[in-house]
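> fold the following, please.
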Amino acid sequence: MNDADELELRRLRWKCRRGMRELDQLFGRYLDREWRQAPEPQRGVFLRLLDCEDDKLWHWFMGHETPADAELANLVQHIRNLPA
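Next up, the predicted model:
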C-alpha cells in the first residue's frame with residue numbers, strides 16, 4: 001500500500017467513528033478485512049453508507065429496517081455477515 005492509500009484509510013477510520021461501539025466495530029471490521037480488495041463500486045457504496053445518519057445505520061445493522069437503496073442494503077447485509 002502506498003502513502004496515499006494509507007492516508008485514505010486513516011481518514012476513513014476517523015469517519016467510521018460513530019460513537020456507538022457496535023457501529024464502530026462493524027465499520028472497523030469492514031475496513032480491516034474488506035476495504036483494500038473491494039472493487040471501486042463497492043467502495044463507493046461504503047462511502048455513501050458513511051454519509052447516512054447514525055440512527056438509520058443503527059436500525060439497518062440491527063436488522064430492524066432495510067435500506068430502500070438495494071446497494072446499501074446488500075452492503076449492510078455483507079458487513080453484518082462478516083465473522084466477528
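> what's the first helix or strand after the helix or strand in which D55 is found?
Secondary structure from DSSP states H and E places D55 in helix 54-61. On the C-terminal side of helix 54-61, the closest following helix or strand by DSSP H and E is helix 70-81.
> residue nearest the centroid of this protein?
Using C-alpha atoms, centre = their mean, the residue of the chain that lies closest to the mean C-alpha position is F27, 4.5 Å off.
> list the buried residues of the helix or strand harbouring that residue.
Taking DSSP H and E as the criterion, the element that holds F27 is helix 21-33. By neighbour count with 16 or more other C-beta atoms under 10 Å, helix 21-33 contains the buried residues L23, L26, F27, Y30, L31. Quick note: C-beta positions are derived from backbone N, CA and C, even for glycine.
> can you check what pLDDT the model gives F46?
At F46, the predicted lDDT confidence score is 98.
> hmm, it is touching A38, no?
Yes - under the contact definition of C-beta atoms under 8 Å, F46 touches A38, with a separation of 7.1 Å.
> looking at the two, which is more packed in?
Neighbours per residue, other C-beta atoms under 10 Å: of F46 and A38, the larger number sits with F46, 22 against 17.
> ok, for the more buried one, nearest residue in space, not its chain neighbours?
Nearest-residue entry for F46: L75, 6.3 Å, with adjacent residues in sequence omitted and distances by C-beta to C-beta, 6 or more residues apart in numbering.
> tally of neighbours for that neighbour?
For L75, the count of nearby residues is 21 (other C-beta under 10 Å).
> quick one: contacts for it?
The contact partners of L75, taken as C-beta atoms under 8 Å, 6 or more residues apart in numbering, are Q42, V45, F46, L49.
> between the residues you listed, which sits nearest L9?
Nearest to L9 among the contacts of L75: F46, at 12.1 Å, using C-beta to C-beta.
> helices and strands around the helix or strand encompassing the closest one, which ones?
Counting by DSSP H and E, the element that carries F46 is helix 40-50. Using 3 or more C-beta pairs under 8 Å, 6 or more residues apart in numbering; DSSP states H and E as the contact criterion, the secondary-structure elements in contact with helix 40-50 are helix 3-16, helix 70-81.
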